[in-house]
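Asks: fold the following and give me the result.
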Amino acid sequence: MISPDDITALFQRNGAYGFSRWGRPIAPVVFGVEDETLVVVKGALEAVTTLARHDIMETDPEFGSNLWVFFLRDWDELKGVPDMDGLIPEMDALLPRLTKANANQYRFFRFDTHGAIKAGFLFLRMDDALSQIPADVLALGQMVQMILLWGDQAFATTSPLAIHPDTGHTVLRPEIAQIIQAGYDPILPSVATDSSHALRLFARIPPTSSVV
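Replies: Numbering: from 1, shown residues only. I've put the predicted structure just below:
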């Protein structure tokens, strides 16, 4: 059973509590994959948004697309993407840091005036480690990490996914699924900076859970 402290830890960033969910429907676009993988990524997004009871749309009125997913072989590929520096501040300075750190993924969010998510950017450099993960597993794990503003260490040591004990399939850990559902409860605010919010999330999680 997950505790309020566990939930608080999932939304800690630089020692402070910070929760944010999408404040508008998600309009995705995916670059750098074949059609088969595109279907898998969009299927994972549909599964997570259905869980959250959140909408997907074709076009965002402000950005056109507001969830950008890039599959890359090298970080330098982003240098050729038009207007990327306008979407992500200091992109030119970011790329050398990602290369030096040998990073294989990077997430960035933009927020509206209230602090709710209005755009998200996911970059996956398909190194040997990521390439060995089945496409459906990789897509599900990444879409989970894009549906909320999780803390910077939320899944550093424990994946949001698990193996179903009966089927052997990879599924979303039940407590993470329930936090996502609770986080999108319309009664709760889209943005929270006080850790008492974690107690409100906890109150919406059933006392027992099973893998779904």
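
Asks: quick one: average pLDDT of the longest helix along the chain?
Replies: In terms of residue count, the longest helix belonging to the chain (DSSP state H) is helix 35-52. For helix 35-52, the per-residue pLDDT values average out at 96.

Asks: which non-adjacent residue is nearest residue 195?
Replies: Computed as CB to CB, 6 or more residues apart in numbering, the closest residue to residue 195 that is not its neighbour in sequence is residue 17, at 4.2 Å. No exception for glycine: its C-beta is placed from N, CA and C like everyone else's.

Asks: my read: residue 4 touches residue 203, true?
Replies: No. If you go by CB atoms under 8 Å, residue 4 and residue 203 don't touch, sitting 9.0 Å apart.

Asks: please say which of those two ends up with more neighbours.
Replies: Using other CB atoms under 10 Å, the more surrounded residue of residue 4 and residue 203 is residue 4, with 16 against 10.

Asks: who are the contact partners of the more buried one?
Replies: Residue 4 sits next to 198-199, 202 when contact means CB atoms under 8 Å, 6 or more residues apart in numbering.

Asks: let me see the contact set for the closest residue to residue 84 other than its chain neighbours.
Replies: Nearest in space to residue 84, with sequence neighbours left out and distances taken as CB to CB, 6+ apart, is residue 91 at 5.4 Å. Contact criterion CB under 8 Å, 6+ apart gives 78, 84-85 as the residues in contact with residue 91.

Asks: roughly how far apart are residue 91 and residue 43?
Replies: The span separating residue 91 from residue 43 equals 29 Å under the rule CB to CB, to the nearest Å.

Asks: and what of residue 35?
Replies: For residue 35, the distance to residue 43 under the criterion CB to CB works out to 12 Å.
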